[in-house]
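Novice: build me a model from this:
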Amino acid sequence: VQLQASGGGLVQPGGSLRISCDASGFNLDDYAIAWFRRAPGQERVGLSCLTTRDGKTYNVDSVRGRFTISKENAEPTVHLQMNNLKYEDTAVYYCAARPFVGDSRPGVYDFWGQGTLVTVSS
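Specialist: A predicted model of the protein is given here:
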């Protein structure tokens with residue numbers, strides 16, 4: 001089982017970035033995928049999750065309306081489209097998977113990607 005996060009980089013405030021999570025070694029249709037982030041000196045926090053079986057998504061208040069989680073059609077890839085990025089969005093972003101239903105708590109996820117760094121700076 002492997003999750004590979006990619007797409008991080010440097011972006012200016014107000015800009016957009018899409019990061020991706022490629023899954024292998026398991027059937028993504030039976031799992032929920034979530035994105036978390038850890039800012040410098042802070043705890044890892046949940047942002048968005050997607051239950052692939054029914055397509056339901058959830059976003060925390062701090063990113064609702066700016067971030068969108070989605071799954072690539074017919075591909076084991078989940079994206080996080082991030083718009084109107086702010087300085088405080090600077091963090092290492094991780095994707096994670098757990099069976100069936102999404103959850104915002106990092107402790108209930110079984111599999112984790114290695115993280116991709118997003119830096120918002122002018």
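Novice: so who does the spatially most central residue of the chain touch?
Specialist: The centre of the chain sits closest to Trp35, judged by CA atoms, centre = their mean, with a distance of 2.5 Å. Trp35 sits next to 19, 21, 46-49, 67, 69, 80, 93-96 when contact means CB atoms under 8 Å, 6 or more residues apart in numbering. In this view, the C-beta of every residue, glycine as well, is placed from N, C-alpha and C.
Novice: gap between stretch 107-122 and the chain center?
Specialist: Stretch 107-122 has its average C-alpha position 7 Å from the chain's average C-alpha position, going by CA atoms, centre = their mean, to the nearest Å.
Novice: give the bridge partners for the residue nearest to the centre of the chain, please.
Specialist: For Trp35, the beta-bridge partners under DSSP bridges are Ser48, Cys95.
Novice: got it, and Leu17?
Specialist: Counting by DSSP bridges, the residues bridging with Leu17 are Met82.
Novice: also the one 5 residues further on?
Specialist: In this structure, Asp22 has beta-bridge partners Gln4, Thr77, where bridges are defined by DSSP bridges.
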